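Colleague: Just need the structure, nothing else, for what follows:
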Amino acid sequence: MPQKARYPKDLGIGDFISFIRELLLWLASQVGDPDYRAILVDGFQAKFDALEAKLVEYKQLIIHVPEINKLYTGAADALHEGLSMLKAIVPLFFDDPSVLGEFALAKKIPKDMDDLYISGQACFNHWADVSALPGYAVVEQDFANVLSKFDDFIAKRDEYEVKYLAMQAAQNDILELRAAVEEQERDIFKYYRAKHPKGGDEFWTETPWGTSAGGATAEVSNPTNQSVPVSI
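Modeller: Prediction:
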């Protein structure tokens, strides 16, 4: 029974990797082909190795990025709680009602982490300006405690951003590397298609393309949407 045609462009990344591995093994069996070495040495194995290496990196990132994000979120919750505490206690020690505004605490403490960072930064920028004044000694320890939460929040934020950007970069690299591997696969397919132009040749049922029709429509399109997540 004829095998069903396989089109690399339609394969998910896992099946695509399996297909290319199968193709490389099949190419290794074509030792009698005078152009075999030229085809293989022309970067196909190197391109595929680069793709596999990048996939390993990406898999590690998609495991760790959510963990780091959880820590980042936890640090944000701790900072939110700390700023809320400062908002509650600061008016108890100062008669000037504008003091909360000076510390960027007059409005509701934001939950959004970007806005929370802005609020925390404004609060502790002002604290740096007034902390040495005698009148603020009464709340010095309270601010020191929340400042440690703010510093932890910044550290977790920076770590998350670095890892998240690395994950996005790895994702884009995978798409580009896959495109390069697909291009090489297409060239190899065209070479053998030219050698075996008849769709009914028994040769084609024994190839990784797996089609008694000679894989005549095994077109490969390069990915164009760099923002589509890579499914592993």
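Colleague: going forward, measure contacts and count neighbours with C-alpha atoms only.
Modeller: Will do.
Colleague: Check which element follows the helix or strand bottoming out on mean pLDDT in the chain along the chain.
Modeller: Of all helical and strand segments in the chain, the minimum by mean pLDDT, DSSP states H and E falls on helix 36-39, at a mean of 68. Where DSSP states H and E defines the elements, the next helix or strand beyond helix 36-39 is helix 45-93.
Colleague: Which secondary structure element is home to Asp158?
Modeller: With DSSP H and E as criterion, Asp158 is part of helix 140-195.
Colleague: on contacts alone, who are the packing partners of that helix?
Modeller: Other elements packing on helix 140-195 under the criterion 3 or more C-alpha pairs under 8 Å, 6 or more residues apart in numbering; DSSP states H and E are helix 45-93, helix 113-130.
Colleague: from the chain's centre, how far out does it sit?
Modeller: A distance of 3 Å separates the centroid of the chain from that of helix 140-195, by C-alpha atoms, centre = their mean, to the nearest Å.
Colleague: same check, this time on stretch 92-105
Modeller: 43 Å.
Colleague: how about the residue of the chain most remote from its centre, secondary structure?
Modeller: Centroid-distance maximum for the chain: Asp95 at 50.5 Å, with C-alpha atoms, centre = their mean. Using DSSP: H, G, I helix; E, B strand; the rest coil, the secondary structure recorded for Asp95 is coil.
Colleague: right, and Glu102 touches Asn125 too?
Modeller: No: taking contacts as C-alpha atoms under 8 Å, Glu102 lies outside contact range of Asn125: 9.9 Å.
Colleague: So, low pLDDT: which residues of this structure?
Modeller: Scanning the chain for pLDDT under 70 picks out 1-6, 34-42, 199-201, 211-232.
Colleague: tell me the centre residue of the protein?
Modeller: Short answer for the chain (C-alpha atoms, centre = their mean): Met167, at 2.2 Å.
Colleague: Tell me how many other residues surround Leu51.
Modeller: Neighbour count of Leu51, defined by other C-alpha atoms under 10 Å: 22.
Colleague: Next, work out how far apart the residue lying closest to Ile17 once chain neighbours are set aside and Ala46 are.
Modeller: Once flanking residues are discounted, Ile17 sits nearest to Glu52: 7.9 Å by C-alpha to C-alpha, 6 or more residues apart in numbering. Distance of Glu52 to Ala46, computed by C-alpha to C-alpha, to the nearest Å: 10 Å.
Colleague: ok, those two, which is more surrounded?
Modeller: Shown here are Glu52 and Ala46; by other C-alpha under 10 Å, Glu52 has more neighbours (16 against 13).
Colleague: Tell me how many other residues crowd the closest residue to Glu140 other than its chain neighbours.
Modeller: Leaving aside its chain neighbours, Glu140 sits nearest to Ser131 (6.9 Å; criterion: C-alpha to C-alpha, 6+ apart). For Ser131, the count of nearby residues is 16 (other C-alpha under 10 Å).
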